[in-house]
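Novice: Could you work out the structure for the sequence below:
(2 chains)
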Amino acid sequence: DVKVTQSSRYLVKRTGEKVFLECVQDMDHENMFWYRQDPGLGLRLIYFSYDVKMKEKGDIPEGYSVSREKKERFSLILESASTNQTSMYLCASSLRGAYSNQPQHFGDGTRLSIL
Amino acid sequence: AQSVAQPEDQVNVAEGNPLTVKCTYSVSGNPYLFWYVQYPNRGLQFLLKYITGDNLVKGSYGFEAEFNKSQTSFHLKKPSALVSDSALYFCAVRDKLTGGGNKLTFGTGTQLKVEL
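Specialist: Okay, here's the model as predicted:
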């Protein structure tokens, strides 16, 4: 089974801090994604990556950046955390190319609170 | 842009009764549609997908979905609901990507509550 592991289930940080959320997948997937989930808004895509060192903006990239130095790891960075970034963050991975209709596999999420 | 709509925030059903969770879509070209389920404090789990072929798609845990092109709908169904089916359900559509991949656009989710 595919396993997507997010380093923290719960995280509390202060406004202005630089925050790192880490995600690792063990299935050699090319694509990786970061979403945030808020009640009534569903999942919104922040950034995605379809290869090492490649990144693309999603629908709500402002205030975030990402890093993909290795194929299995995709990091989300909050450059200067703000209270409106309090949310559930979900990482996902999937195959690419000819397998692009394969489902995304999700981690269990990081619930981030910014005080 | 591709989009999906889930018109119901919550659906309540009695255990043993059939359930339906609604989803409508708006796409240019052929739709690639997915259903996911989220249990409390967990990530999303894939249930089923429609790419092409039969309009009735069977998935995990006894769920199925009916693709209806004329009504642009992809409703999730189960003949007999279980209390353990209570969860948050998301419909999603695949966006086109340059460079390959399967970026998804999700609906806002429907909370399913199955009661004894």
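Novice: Where does residue A:89 fall, secondary structure wise?
Specialist: Element membership of residue A:89 [criterion: DSSP states H and E] is strand A:87-94.
Novice: again, but for residue A:75
Specialist: Element membership for residue A:75, per DSSP H and E: strand A:73-78.
Novice: Quick check, central residue of chain A?
Specialist: The centroid of chain A falls nearest to residue A:34 when counting by C-alpha atoms, centre = their mean (2.5 Å).
Novice: same question, chain B
Specialist: residue B:35 (3.3 Å).
Novice: mind checking pLDDT for that one?
Specialist: pLDDT, residue B:35: 97.
Novice: Run a quick neighbour tally on the residue lying closest to it once chain neighbours are set aside.
Specialist: What sits nearest to residue B:35 in space, not counting adjacent residues and going by C-beta to C-beta, 6 or more residues apart in numbering or on different chains, is residue B:47, at 4.3 Å. Quick note: C-beta positions are derived from backbone N, CA and C, even for glycine. The number of residues packed near residue B:47 is 21, by other C-beta atoms under 10 Å in any protein chain shown.
Novice: pLDDT averaged over the helix or strand hosting residue B:47 - what is it?
Specialist: Remark: residue B:47 resides in strand B:44-50, with elements defined by DSSP H and E. Over the span of strand B:44-50, the pLDDT mean works out to 94.
Novice: Give me the buried positions along the helix or strand just after that strand.
Specialist: Downstream of strand B:44-50, the next assigned helix or strand under DSSP H and E is strand B:56-58. Across strand B:56-58, burial judged by 16 or more other C-beta atoms under 10 Å in any protein chain shown covers residue B:57.
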